[in-house]
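[1] missing the sequence, but the structure's below:
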């Protein structure tokens, strides 16, 4: 490792993060969505990975539900209601996927729609 790369590593670790909350949300949703998709593509051999990804996805949507239920949340009422509904659907559908009674595709579609909204700057 040369001096230039050592300096880059040292200073990059010390520099503060400039990510917005929207960027952070995007990153988390993207990471979980990727894990869901990857585990699903492995078929039955990927079920344990799918279980963990489903758990994390459900936790994420619970956080979203709590956030939009907060009276200090400034999102429009209709959008908050839609997000809360999606959180409820995600919870119910996750149970069906875990019981092997449903496919993960609707969860992937929901997360992808959220990613598109976050990317476009929509509220």
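    Cool, got the structure. Because the structure is predicted, anything quoted here is derived from the model rather than measured.
[2] quick one: mean pLDDT over stretch 82-99.
    Average pLDDT, stretch 82-99: 97.
[3] buried sites along it?
    83, 84, 86, 87, 90, 93, 94, 97 (16 or more other C-beta atoms under 10 Å). C-betas here are computed from N, CA, C, even on glycine.
[4] ok, stretch 44-55 next?
    Quick answer for stretch 44-55 (16+ other C-beta under 10 Å): 50, 53, 54.
[5] if we can go back for a sec, got the buried residues of stretch 82-99 as TSV, with distance to residue 110 and secondary structure columns?
    Output for these, formatted as TSV (distance: C-beta to C-beta, whole Å; DSSP: H, G, I helix; E, B strand; the rest coil):
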residue	distance to residue 110	secondary structure
83	10	helix
84	13	helix
86	6	helix
87	10	helix
90	6	helix
93	9	helix
94	11	helix
97	13	helix
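[6] and the helix or strand in which residue 23 is found, what does it pack against?
    Per DSSP states H and E, residue 23 falls inside helix 21-41. Under the contact definition 3 or more C-beta pairs under 8 Å, 6 or more residues apart in numbering; DSSP states H and E, helix 21-41 sits against helix 47-69, helix 105-120.
[7] let me have these in JSON lines, extended by distance to residue 29 and mean pLDDT.
    What follows is the helices and strands packed on helix 21-41, written out as JSON lines (distance: least, C-beta to C-beta, whole Å; pLDDT from 0 to 100):
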{"stretch": "helix 47-69", "distance to residue 29": "7", "mean pLDDT": "97"}
{"stretch": "helix 105-120", "distance to residue 29": "6", "mean pLDDT": "94"}
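[8] other residues contacting the helix holding residue 23?
    Identification of contacts with helix 21-41 by C-beta atoms under 8 Å, 6 or more residues apart in numbering yields 19, 46-47, 49-50, 52-54, 56-57, 60, 104, 107-108, 111-112, 114-115, 118-119, 121.
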